[in-house]
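*Asks:* The following block contains a protein sequence and its predicted model.
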Amino acid sequence: MMRGAPYCCLLLGLLVLVGCAAFRPPIVLSPEQIEAGQRIGISQQELRKLLRKPLYKFSPQELDRYLGYLQVVEPSLRLRVQHLARKAVGQRYQIYLLGEFPFELYDPDPLFRLDRSDCVVFSEHIYAMSLAHDWSSFFALLQRIRYRNGEISMLTRNHYTEADWDVNNSWLVEDVTEILAGPHVRRDTVVIDRASFFSRWKIGQEIPPETFVLSWIPYEFVPQILDSLQPGDFVNVVRGYEGNRWVGHVGLITVAEDGTRNVLHSTSPKVTEEPLLGYVEKWRRINEQRQAENERIERENARRRAENERRLAEARAQGKEAKLKPLLPTKPLFWGFKFLRLREDALDRLRELDGKDFPRVTGPRWQWERWQGSGTPKTREER
């Protein structure tokens, strides 16, 4: 049995915790919030509960209700994005969350997650929620954003941010990198080899390589364009090596009351909001560390190359196979950003694009095509 001072301290700590939970300040609803709730049949008690609850603890039923309320109370798409993104702060990070199940089994993960996210999943979910007015419209718009032309399949998922996501969602966001960067813009020619990427699943081998121009702004010039960024803008973080850069992370722009531009993103261990300039400074320091580490790795690799050449020569002389030391990988650096502007008229653009099928969402095409012709299902290799 616990006695004396330690027991008293433990008891006092428990009382403090209970007290903090019991005396949370009540949420005072504005007349506009009360009216918005009444319009869609949400009681004040339920509304207070939804306002207090983090987004990542919502059930689908609660999200259905809250999206309807938010459409009424906040007419600005940008501010809905900012509100929902901030309501998700603290959501647990987990990479590679989503797949195509039950449509396909290549990646049997589900089509949505509310409880956790990675950087792309987070941004897609927040955009879809901000555009939607209930659960059904959220789910449909989420698939329309995740997949080219809304066709759910591994082959049509937007795997490459700069060459797939940004391009296929031009109805939702507009690339403003070159406009913002002006003379400071940088352009890289990148080859996207989708067939190589899909080879692990033995699909998509007929897809030819694509040459793509990646435009970006070096992080040194971000302070000059900071005030031009708006809530809901899509941030692409450019990483890689000299001559081999790519978009390696994404997030959303939010604006604090004092005008500070923040990046709100899903990153390990959880969704966080931080000043964009603070993010730049953090990664500038990481770059310094990585450059020093890469120099050490390159020296070690030079030693290994020399050792491998010696082993190859000895093996040839003896008619044997040489056992070579693998080279160590270097770490990619942070270079800068792409910025894409959220379109206020995104839904109108999508309606014009999809026509009567708005929002267009379909299952994998091969599931229907393989039964045509002779009536014999095609094999995976034939597909």
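*Replies:* Yep, that arrived. Residues are numbered from 1 along each chain as shown.
*Asks:* residue ranges for the strands of the stretch 51-200 of the chain, please.
*Replies:* Secondary structure of the stretch 51-200 of the chain (DSSP state E, counting those that start in this stretch): strands located at 92-93, 116-117, 173-175, 186-192.
*Asks:* List of residues touching the longest one?
*Replies:* Going back to what we said before, that points to strand 186-192. Residues outside strand 186-192 that contact it (CB atoms under 8 Å, 6 or more residues apart in numbering) are 160, 162-163, 209-218, 243, 245-246, 336. Placement of C-beta: from N, CA and C, glycine included.
*Asks:* Among those, which lie within strands?
*Replies:* Using DSSP state E, 210-218, 245-246, 336 are the members of the contacts of strand 186-192 that sit in strands.
*Asks:* Report the two of those separated the most.
*Replies:* Greatest spatial distance among the ones in strands among the contacts of strand 186-192 (CB to CB): Glu210 and Pro218, at 24.8 Å.
*Asks:* Okay, buried residues for stretch 47-66 please.
*Replies:* 47-48, 50, 55-56, 58, 62-66 (16 or more other CB atoms under 10 Å).
*Asks:* Quick one: distance of that stretch to the chain centre.
*Replies:* Computed by CA atoms, centre = their mean, to the nearest Å, the chain-centroid distance of stretch 47-66 equals 22 Å.
*Asks:* which residues make contact with that stretch from outside it?
*Replies:* With CB under 8 Å, 6+ apart as the test, stretch 47-66 has contacts from 24, 26-27, 29, 33-34, 37, 40, 42, 46, 69, 84, 87-92, 114-117, 129, 134-135, 138, 271.
*Asks:* Only C-alpha atoms, please: export stretch 129-144 in CSV.
*Replies:* Backbone C-alpha positions of stretch 129-144 (Å, rounded to 0.1, in the frame of the first residue of the first chain) are rendered in CSV as follows:
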residue,chain,number,x,y,z
MET,A,129,-14.0,17.9,-47.2
SER,A,130,-13.8,21.6,-48.0
LEU,A,131,-15.6,21.1,-51.3
ALA,A,132,-18.2,18.7,-50.0
HIS,A,133,-21.5,19.2,-48.2
ASP,A,134,-22.0,15.7,-46.8
TRP,A,135,-20.3,12.3,-46.6
SER,A,136,-21.3,11.1,-50.1
SER,A,137,-20.0,14.2,-51.8
PHE,A,138,-16.8,14.0,-49.7
PHE,A,139,-16.1,10.4,-50.7
ALA,A,140,-16.8,11.0,-54.4
LEU,A,141,-14.7,14.2,-54.5
LEU,A,142,-11.9,12.4,-52.7
GLN,A,143,-11.7,9.8,-55.4
ARG,A,144,-11.9,12.4,-58.1
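*Asks:* PyMOL command to pick out the buried ones of the contacts of stretch 47-66?
*Replies:* With 16+ other CB under 10 Å as the burial test, the buried ones among those are selected in PyMOL as follows:
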select buried, resi 33+37+40+42+69+84+87+88+89+91+114+116+117+129+135+138+271
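*Asks:* Now tabulate the buried residues of stretch 47-66 in JSON lines and tack on distance to Glu124 and pLDDT.
*Replies:* Below are the buried residues of stretch 47-66 laid out as JSON lines (distance: CB to CB, whole Å; pLDDT from 0 to 100):
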{"residue": "Leu47", "distance to Glu124": "27", "pLDDT": "96"}
{"residue": "Arg48", "distance to Glu124": "29", "pLDDT": "96"}
{"residue": "Leu50", "distance to Glu124": "22", "pLDDT": "97"}
{"residue": "Leu55", "distance to Glu124": "14", "pLDDT": "98"}
{"residue": "Tyr56", "distance to Glu124": "15", "pLDDT": "98"}
{"residue": "Phe58", "distance to Glu124": "16", "pLDDT": "98"}
{"residue": "Glu62", "distance to Glu124": "20", "pLDDT": "98"}
{"residue": "Leu63", "distance to Glu124": "15", "pLDDT": "98"}
{"residue": "Asp64", "distance to Glu124": "18", "pLDDT": "98"}
{"residue": "Arg65", "distance to Glu124": "21", "pLDDT": "97"}
{"residue": "Tyr66", "distance to Glu124": "18", "pLDDT": "98"}
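*Asks:* From these, which land in helices?
*Replies:* Among the buried residues of stretch 47-66, the residues falling in helices (DSSP state H) are 47-48, 50, 62-66.
*Asks:* Pull the most distant pair out of these.
*Replies:* Of all the pairs that those form, the one spanning the most space (CB to CB) is Arg48 and Asp64, at 17.8 Å.
*Asks:* tell me the contacts of the residue nearest to the spatial centre of the chain?
*Replies:* Nearest to the mean C-alpha position of the chain, counting by CA atoms, centre = their mean, stands Val120 at 1.4 Å. The neighbours of Val120, taking CB under 8 Å, 6+ apart as the test, are 161, 165, 250.
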